[in-house]
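Q: Make a model of this:
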Amino acid sequence: MYTLRQYLLSLTDSHSLTRTLGEIALCHDKMGHPIYTAGNSAVVFRAMIHGKMHALRCYLKPMRHLREIYGERLLEKELYIYHTSTRGEWVDVVVDEWIEGESLTTRIERASREEDHTELKRLAEAFDHLALELIAAEWAHGDLKPDNIIVDSEGALHLIDWDTKYLPEFRGEASPELGTSSFQHPSRRAEDFDSTLDDYPVALISTALHALRIEPQLLKEGYADGLLFCPARIQNDVLLDKVLALFEHRGWAAQYRLAELLRSPLLHLERIGELLLRSCAEIATESAYIAREVETKEEEEDDMAGADNEEESIEEEGEESASTMEDATSTNIADLQQLNLYTEHGLWGYEGEDHQHVIPAMYDYAFEFSEGLAAVRLGKMWHNIDSAGHPVLLCPSTEGIKPFRKVEVSESEKNFIKHTSDAVIYPTAETLHSPTTHSAKPTPTTDTTHYTLRATILRQGKRLEIDPWGKILKIKSK
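A: From the prediction side, this is the model:
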């Protein structure tokens, strides 16, 4: 066993105390203290070696398989440390690249404190992509946590501290350490040493990040020694119940199912790769829809600016827009009709004609697509998704819902449509579902018959009808 004091003594004046590194210059903070981080098994110094910035990893206790893990970065018997004023020994060190940046822990805490939803979304997306690589690999980090992830100036994530890494050649051995308990499965044992070690911490960190991008203030309610949740108390964790409700309310199916995995009795989370992939796709779709919504809004503002001087021109544009909407609608519906329901793991999803899964099985109940939308239930919440699986209409007070259908509505009946405050509309790139299209200037026509989409819902025991924008339709009786 070695101490931090022993390393500081040698590294403060390393002349003649290294075999190949020459003199090592420790970096200091503004107070003149050496810059380092200390863990259970090692201390890492920021140091100038051969004129370049490096991370010098010095061990506080013997560690196995360092050669297999670090390769040429491990320098055996490189640094001499003293046990007494006259006696000491040569010890191993690892010389690695210094990654300039902050820990993921620091970035999460600052973004949550400042309620920076955009930054938290970026961190969640970046982590999910990193996690996908981890889950697909034949190796495992072994001690995955935000402190062991560095976020550089470009927002890229970098893993550090590989001492407990699992490699295929270690199969059958016991784990040298059990990782940080506040991020590991509560049932993890030394015998659990394989490529699935990172499944549980991946699910925990991803769930926490997506929850924080909804409500950053949750960080104040969370487990002080971890990130929101305490694995040892996860089965009865009230905060996890709250997070599940947040995901359910927004129709975030992938995040909802990932969060559910935190209560799995197994260390290996079978569906985690599929759900992470879906989570990445949902974030990308959400970003694309928001960008399209902003673009549409800007186009509408430009159109309105010229309305007073070019009324006739605007009417022509309205005709063109209506034609475009009709074309887009028919195309979208044609695509959607090719998706069919399938069931797996006791849940419902959608597959193409080639039986390839397009929207994974994540829903407790689901209807076939109809008129561009599919009614699905996630937990206790009914909502409608589009062909990308993006939630476009949520009805939190609805006990039941049927698929949308096209019905005829006369000109006089249109006057009886009124807004409801219960429905939640999410931005979508599909023209059929865009609230902005609904408010667009109608195309002049002599036909007094109109078509609209309606779905029957059950709310507080009453049968009602809604349109794709969440408006309750009150049709005047004849």
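
Q: Now the element after whichever strand or helix holds Leu212, going C-ward?
A: According to DSSP states H and E, Leu212 maps onto helix 199-214. Sequence order places helix 218-221 as the next helix or strand after helix 199-214, per DSSP H and E.

Q: Could you list the buried residues of that following helix?
A: Leu218, Leu219 (16 or more other Cβ atoms under 10 Å). C-beta here means a position set from N, CA and C on the backbone, and glycine is covered the same way.

Q: Then stretch 228-242?
A: For stretch 228-242, by 16+ other Cβ under 10 Å, it's Leu228, Phe229, Cys230, Pro231, Ile234, Asp237, Leu239, Leu240.

Q: What strand or helix carries Trp469?
A: Using DSSP H and E, Trp469 sits in no helix or strand.

Q: how about the buried residues of stretch 228-242 in TSV, adding pLDDT?
A: Output for the buried residues of stretch 228-242, formatted as TSV (pLDDT from 0 to 100):
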residue	pLDDT
Leu228	97
Phe229	97
Cys230	96
Pro231	97
Ile234	97
Asp237	96
Leu239	97
Leu240	98
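
Q: ok, those vs Met31, which is closest?
A: Met31 has its nearest neighbour among the buried residues of stretch 228-242 in Leu228, at 32.7 Å by Cβ to Cβ.

Q: ok so the closest one is a strand residue?
A: Yes. The assignment for Leu228 (DSSP: H, G, I helix; E, B strand; the rest coil) places it in a strand.

Q: OK, contacts around it?
A: Thr207, Ala208, Ala211, Leu212, Leu218, Leu219, Glu221, Gly222, Leu239, Val243 (Cβ atoms under 8 Å, 6 or more residues apart in numbering).

Q: can you put those residues in JSON lines and add distance to Leu178?
A: Listed next are the contacts of Leu228 as JSON lines, based on distance: Cβ to Cβ, whole Å:
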{"residue": "Thr207", "distance to Leu178": "21"}
{"residue": "Ala208", "distance to Leu178": "20"}
{"residue": "Ala211", "distance to Leu178": "26"}
{"residue": "Leu212", "distance to Leu178": "26"}
{"residue": "Leu218", "distance to Leu178": "27"}
{"residue": "Leu219", "distance to Leu178": "25"}
{"residue": "Glu221", "distance to Leu178": "27"}
{"residue": "Gly222", "distance to Leu178": "22"}
{"residue": "Leu239", "distance to Leu178": "24"}
{"residue": "Val243", "distance to Leu178": "25"}
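
Q: I'd like the distance between the residue nearest to the spatial centre of the chain and Ala224.
A: Nearest to the geometric centre of the chain sits Ala124, at 4.1 Å (Cα atoms, centre = their mean). Distance of Ala124 to Ala224, computed by Cβ to Cβ, to the nearest Å: 21 Å.

Q: for Ala455, same thing?
A: Counting by Cβ to Cβ - Ala455 and Ala224 are separated by 46 Å.

Q: between these two, which one's more packed in?
A: Counted by other Cβ atoms under 10 Å, Ala455 and Ala224 do not tie: Ala455 has more neighbours, with 25 against 7.

Q: Helix or strand with the lowest mean pLDDT in the protein?
A: Within the chain, confidence by mean pLDDT, DSSP states H and E is lowest for helix 435-438 among all helices and strands, at a mean of 35.

Q: picking up where we left off before, which residue is the nearest non-sequential neighbour of the residue nearest to the centre of the chain?
A: Leaving aside its chain neighbours, Ala124 sits nearest to Leu209 (3.8 Å; criterion: Cβ to Cβ, 6 or more residues apart in numbering).

Q: now do Pro391
A: Gly251 (3.0 Å).

Q: tell me the contacts of that neighbour?
A: Gly251 touches Leu378, Met381, His383, Ile385, Pro391, Leu394, Tyr426, counting by Cβ under 8 Å, 6+ apart.

Q: Which element, helix or strand, includes the closest residue to the second one other than its chain neighbours?
A: By that I understand Met381. Using Cβ to Cβ, 6+ apart and skipping residues adjacent in sequence, the residue nearest Met381 is Glu248, 4.8 Å away. Here Glu248, judged by DSSP H and E, is contained in helix 238-250.

Q: so where's this structure shaky on pLDDT?
A: For the chain, the stretches with pLDDT under 70 are 289-337, 408-451, 474-478.

Q: All the helices of the chain, in order from the start?
A: Secondary structure of the chain (DSSP state H): helices at 4-12, 66-70, 104-113, 117-136, 199-214, 218-221, 238-250, 253-260, 272-305, 311-336, 435-438.

Q: next one: the first one to chain centre, how far?
A: Read it as helix 4-12. Computed by Cα atoms, centre = their mean, to the nearest Å, the chain-centroid distance of helix 4-12 equals 41 Å.

Q: For it, list every residue counted as buried.
A: Buried, per 16+ other Cβ under 10 Å, within helix 4-12: Gln6, Tyr7, Leu8, Ser10, Leu11.

Q: got a list of contacts for stretch 182-202?
A: Contacts with stretch 182-202, where a contact means Cβ under 8 Å, 6+ apart, come from 131, 134-135, 137-142, 144-145, 166, 168, 170-171, 173-175, 178-179, 204-205, 223, 225-227, 230-232, 234, 262, 265, 267-269, 272, 276.

Q: Now do the helix holding Glu248: which elements does it pack against?
A: helix 199-214, helix 218-221, helix 253-260, strand 391-395 (3 or more Cβ pairs under 8 Å, 6 or more residues apart in numbering; DSSP states H and E).

Q: right, and the ones you listed - which one's nearest Ala38?
A: So among these, helix 199-214 is nearest, using Cβ to Cβ, at 21.2 Å.

Q: got the angle between the closest one and helix 253-260?
A: Taking axes from the mean of the first three to the mean of the last three Cα atoms, to 10 degrees, one finds that helix 199-214 is oriented at 130 degrees with respect to helix 253-260.
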